[in-house]
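Participant: fold the following and give me the result.
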Amino acid sequence: MTDHIEYSPIKKKNRGGRPPNSIWEDINKGEAVGSGKFAASCKYCKNTWSRGEVSKLKEHLSNYCPDAPAAVVRRYMTKVMERQDKFKSSKKRKYSEGQSNMNDYHDSTELNEQRCIRINRALVKFLLRAELRLE
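Facilitator: Below is the predicted model:
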């Protein structure tokens, strides 16, 4: 008679806490520099930060990284825009319709030359694919 023994895989113990941010898929995590803070470097352009703040890293990938793939740029641009919309809607002070604010006169972030070139190329590709004529 043969004994039938079932083996079950050992489950990893759940450490709990907040899961790591998805930014670390596109950013190299360096040494810990504080509680939950790490040095960081971009996987695409090798830019480095002594203290990688997630919001700054997302902004880098969405606006400033010259070597990031288009899909990565779009993903983080969407996340940055959602964060800005959430921030605007949660402000306690509301503006009246006729009242102007600083955003009417200045952009919140400047685009570097490399980013402008990428935007222009994407626009040209779109127009060519859509077969629109510029007159």
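
Participant: who are the packing partners of the lowest-mean-pLDDT helix or strand in the chain?
Facilitator: Least confident helix or strand, the chain: helix 70-89 with a mean of 82, by mean pLDDT, DSSP states H and E. Applying 3 or more CB pairs under 8 Å, 6 or more residues apart in numbering; DSSP states H and E, we find helix 70-89 packed against helix 54-59. To be clear about C-beta, it is placed using only N, CA and C from the backbone, and glycine gets the same treatment.

Participant: just to revisit the earlier point, who touches the least confident helix or strand of the chain?
Facilitator: 23, 26, 44, 55, 58-59, 61-63, 65, 108, 118, 122 (CB atoms under 8 Å, 6 or more residues apart in numbering).

Participant: and the two most separated of the residues you listed?
Facilitator: Pairwise distances across the contacts of helix 70-89 (CB to CB) peak at 24.5 Å, for the pair Ser55 and Ala122.

Participant: where is pLDDT lowest across the contacts of helix 70-89?
Facilitator: Minimum pLDDT for the contacts of helix 70-89 is recorded at Ser108 (65).
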